[in-house]
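Asker: What follows is a protein structure lacking sequence information:
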């Protein structure tokens, strides 16, 4: 999770899906302690909390899997 968050905030946005109570508690802690915060130049729209395995499958089905640059 740390690598995905670093990559998504410094290199390019990649979708990060958080599922389960531990992951959601960690996300809340990181936001509360200002380790993760949103600014105009650092959006957090790549983070998605999912409530169930079905919701996760739905999120995966909607991902754009085309290569970057159309290659």
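Answerer: It's in. Just so we're clear, the structure is a prediction, and the values are computed from it rather than from any experiment.
Asker: quick one, longest helix in the chain?
Answerer: Assignment by DSSP state H gives helix 21-32 as the longest helix of the chain.
Asker: how far does stretch 27-38 stretch from start to finish?
Answerer: End-to-end distance for stretch 27-38: 13 Å, by CA to CA, to the nearest Å.
Asker: on that earlier part again, check which residues of the longest helix of the chain are buried.
Answerer: Neighbour-count burial for helix 21-32 flags residue 27 (criterion: 16 or more other CB atoms under 10 Å). C-betas here are computed from N, CA, C, even on glycine.
Asker: okay, the angle between the lowest-mean-pLDDT helix or strand in the chain and helix 21-32?
Answerer: Sorting the helices and strands of the chain by mean pLDDT, DSSP states H and E puts helix 2-10 at the bottom, at a mean of 79. Helix 2-10 runs at 40 degrees relative to helix 21-32, counting by axes from the mean of the first three to the mean of the last three CA atoms, to 10 degrees.
Asker: which residues make contact with stretch 6-14 from outside it?
Answerer: Stretch 6-14 has contacts (CB atoms under 8 Å, 6 or more residues apart in numbering) with 4, 16, 42-43, 45-46.
Asker: quick one on the thing from earlier: what packs against the helix or strand following the least confident helix or strand of the chain?
Answerer: Remark: after helix 2-10, the chain's next helix or strand is strand 16-19, criterion DSSP states H and E. Counting contacts by 3 or more CB pairs under 8 Å, 6 or more residues apart in numbering; DSSP states H and E, strand 16-19 packs against helix 2-10, helix 21-32, strand 47-50, helix 53-61.
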